[in-house]
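[1] with the sequence up front, the predicted model follows.
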Amino acid sequence: MPEPHALHSPVHPVGVAPTDPLRIDPWSESTRGTVHYRIVAGAEPDILCRLLNGFAQQSLLPCRVEMLRRDPLLEIEISQSGLSWHRAELIAQKMRAQVDVCSVQLQACHEPLTPLPSSTAPYA
């Protein structure tokens, strides 16, 4: 007859997840890099705050935020470092769910990011 402890799966302390070498945890990917979001949205006064809120909810502060107004739309670019691709995609999905957002493109850091065309010189 088998030992009683052999009939049960191992018990792990509270807050400690079992490690399974076959299961990939997308939240703890070791390949983290900079991602660039390119968003086209309706020119609404609160859209930038709503888009940045997705980062703030995860205690993230983007490295770069750039916006260009082309009535009736806004072209917005946000760069964030230290994200796994999985987390970056989740943030992009939340952006796409915003009412005034027309499109969201996501680029990995190794892809060149073309700057937004500007009609005025940047602030000094």
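    Received, thanks.

[2] in the helix or strand encompassing residue 52, which residues are buried?
    Take DSSP states H and E as the rule and residue 52 turns out to sit in helix 47-56. Residues 47, 48, 50, 51, 52, 54, 55 are the ones in helix 47-56 that count as buried (16 or more other C-beta atoms under 10 Å). Where C-beta positions appear, they are placed from N, C-alpha and C, glycine not excepted.

[3] format the residues you listed as a markdown table; extra columns: distance to residue 36 and pLDDT.
    Listed next are the buried residues of helix 47-56 as a markdown table, based on distance: C-beta to C-beta, whole Å; pLDDT from 0 to 100:
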| residue | distance to residue 36 | pLDDT |
| --- | --- | --- |
| 47 | 18 | 96 |
| 48 | 16 | 96 |
| 50 | 19 | 96 |
| 51 | 14 | 97 |
| 52 | 15 | 97 |
| 54 | 15 | 93 |
| 55 | 13 | 95 |
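
[4] how about those in JSON lines, adding distance to residue 66?
    Shown next, in JSON lines, are the buried residues of helix 47-56 (distance: C-beta to C-beta, whole Å):
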{"residue": "47", "distance to residue 66": "14"}
{"residue": "48", "distance to residue 66": "11"}
{"residue": "50", "distance to residue 66": "17"}
{"residue": "51", "distance to residue 66": "12"}
{"residue": "52", "distance to residue 66": "12"}
{"residue": "54", "distance to residue 66": "17"}
{"residue": "55", "distance to residue 66": "15"}
